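# Take this sequence and fold it.
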Amino acid sequence: MRYRLIYLSLFLSSAVYADNYSGISIGGDTDHTDTEMSVFELNYVGRASRYMSIYGGYGRLNVAQDNGYHIYSDRVVVHGTQAGLLIHPGKSLVTPYIGLGIYSGQISYCDRYERRYCDHDSVFSIYPEAGIQLNIGDNLQFTAKARRYEFDQSYLKDELVSMVAFSIYFR
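Below you'll find the predicted structure:
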């Protein structure tokens, strides 16, 4: 519950301090042949200043297990919310950035055959990220990024994930 208050405050601050320049972003992982994790995200994004952006939204993670805690599969699906802060050197055609984000989600893990027996578990992660943004005009943006998820649950495998995202901004 305390993490949801952090998300709510970051999300509201991205809406309030977006300097009339906010939008939506959709993204996911690029290739999971080198990792065991996949990601899908849908975020509200806002530029809080020339050098800082904030995002908040939904994230779906398909995470590998380290030690087979849940015996039905070697992966678990986590649905949750995320928020982050990005620092960049202003807006140009190609803009590098670094950032820090938080993720809080829930695992609903059901028996594959009967669907009657379900486990529920909360998951929290803090992740650093770095990337390059390609700004196409004033309103479109393509981003290539990497994140390192560190989970609080020991049975989930921490991963470095490469991702892409497409954003549309509105003034």
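
# Low-confidence ranges, this protein, go.
The model of the chain has pLDDT under 70 over residues 1-20, 31-36, 66-74, 109-117, 171.

# hmm, 50 instead?
Low-confidence segments of the chain (pLDDT under 50): 1.

# following the strand ranked longest in it, which helix or strand comes up?
In the chain, assigned by DSSP state E, the strand with the most residues is strand 118-136. Using DSSP states H and E, the helix or strand that follows strand 118-136 in sequence is strand 140-151.

# what angle sits between the very next helix or strand once past that following strand and strand 118-136?
Once strand 140-151 ends, the next helix or strand along the chain (criterion: DSSP H and E) is strand 159-170. Angle of strand 159-170 versus strand 118-136, following axes from the mean of the first three to the mean of the last three Cα atoms, to 10 degrees, is 60 degrees.

# Neighbouring strands of strand 159-170 in the sheet, and parallel or not?
With DSSP bridges as the test, strand 159-170 is paired with strand 22-29 (antiparallel), strand 140-151 (antiparallel).

# Can I get it in CSV, CA atoms only?
Only the C-alpha atoms of strand 159-170 are listed here, as CSV (Å, rounded to 0.1, in the frame of the first residue of the first chain):
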residue,chain,number,x,y,z
GLU,A,159,17.4,-9.1,-15.3
LEU,A,160,18.9,-6.6,-17.6
VAL,A,161,16.3,-5.9,-20.3
SER,A,162,16.6,-4.0,-23.5
MET,A,163,13.4,-2.2,-24.6
VAL,A,164,12.0,0.2,-27.2
ALA,A,165,9.1,2.7,-26.7
PHE,A,166,7.1,5.0,-28.9
SER,A,167,5.7,8.2,-27.4
ILE,A,168,3.2,10.8,-28.6
TYR,A,169,3.3,14.2,-26.9
PHE,A,170,0.5,16.8,-26.7
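
# got the buried residues for that strand?
Residues Glu159, Val161, Ser162, Met163, Ala165, Ser167, Tyr169 are the ones in strand 159-170 that count as buried (16 or more other Cβ atoms under 10 Å). Every C-beta, even on glycine, is put in place using the N, C-alpha and C of the backbone.

# which outside residues touch that strand?
Contact partners of strand 159-170, identified using Cβ atoms under 8 Å, 6 or more residues apart in numbering, comprise 21-31, 35-37, 39, 41, 45, 47, 63-64, 138-149.

# Sort out which of those residues are buried, if you could.
21-23, 25, 27-30, 35-37, 39, 41, 45, 47, 63-64, 141, 143, 145, 147, 149.

# For the closest residue to Leu134 other than its chain neighbours, which residues are in contact?
Nearest non-adjacent residue to Leu134, counting by Cβ to Cβ, 6 or more residues apart in numbering: Phe142, 4.5 Å away. Counting by Cβ under 8 Å, 6+ apart, Phe142 makes contact with Gln133, Leu134, Ile136, Val164, Ala165, Phe166, Ser167.
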